[in-house]
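# Here is the input, now give the coordinates:
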Amino acid sequence: MVHHSILWTTGGKLADNCYRFGPETYLDPGDHVSRYVNHSCEPNAAVRKLNNQLFLFAATEVSPGDEITFDYSTILGDDDIWTMRCKCGAQACRGRIKRFGSLPVQVKERYLGAGLVPKFIINTLDSSSASATTRG
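Next up is the predicted model:
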């Protein structure tokens with residue numbers, strides 16, 4: 001576990017590779033295979049927290065030989081400051097990976113409706129962003 005204050009002070013590869021785990025904590029995957037899961041603006045997987053552990057699960061059908069990707073924005077709370085230029089090559093590529101609340105409303109609604117966003121990320125949304133994503 002890495003506290004957010006240490007993560008943002010240290011920065012670099014540590015900040016680039018950690019997964020948000022809770023309100024103030026992040027997990028450093030070290031050399032675990034999870035360090036190498038790539039981002040896509042059209043992901044086929046997502047991160048879920050169960051029994052105090054993070055799991056990667058299929059969000060769509062994954063065929064043999066498919067690269068497994070998730071949208072990094074789904075593990076970036078509205079209080080996260082990390083961003084990255086995106087070159088995922090997806091047709092719907094947004095060009096920049098940022099916090100969950102910055103996603104287009106239709107993308108947020110699709111992710112929330114499909115259960116692709118951990119609750120601890122949803123809890124970071126401000127009330128106007130949260131109401132816009134939970135309508136309907």
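# Tell me where this protein has strands.
2-3, 19-20, 25-27, 38-39, 45-50, 53-58, 69-70, 84-85, 96-97 (DSSP state E).
# Of the ones you listed, which is nearest Y111?
Y111 sits nearest to strand 45-50 of all these, at 7.7 Å, using C-beta to C-beta. Any C-beta I mention is one placed from the backbone N, CA and C, and that applies to glycine too.
# Could you please name the strands that closest one pairs with and the direction of each pair?
Sheet pairing of strand 45-50 (DSSP bridges) gives strand 53-58 (antiparallel).
# circling back to that earlier point, deepest-packed of the strands of the chain, please.
Counting by mean count of other C-beta atoms under 10 Å, strand 19-20 has the highest mean neighbour count of those, with a mean of 24.
# and that one, what does it pack onto?
Applying 3 or more C-beta pairs under 8 Å, 6 or more residues apart in numbering; DSSP states H and E, we find strand 19-20 packed against strand 25-27.
# pLDDT on the strand it packs on, on average?
Mean pLDDT, computed over strand 25-27, is 73.
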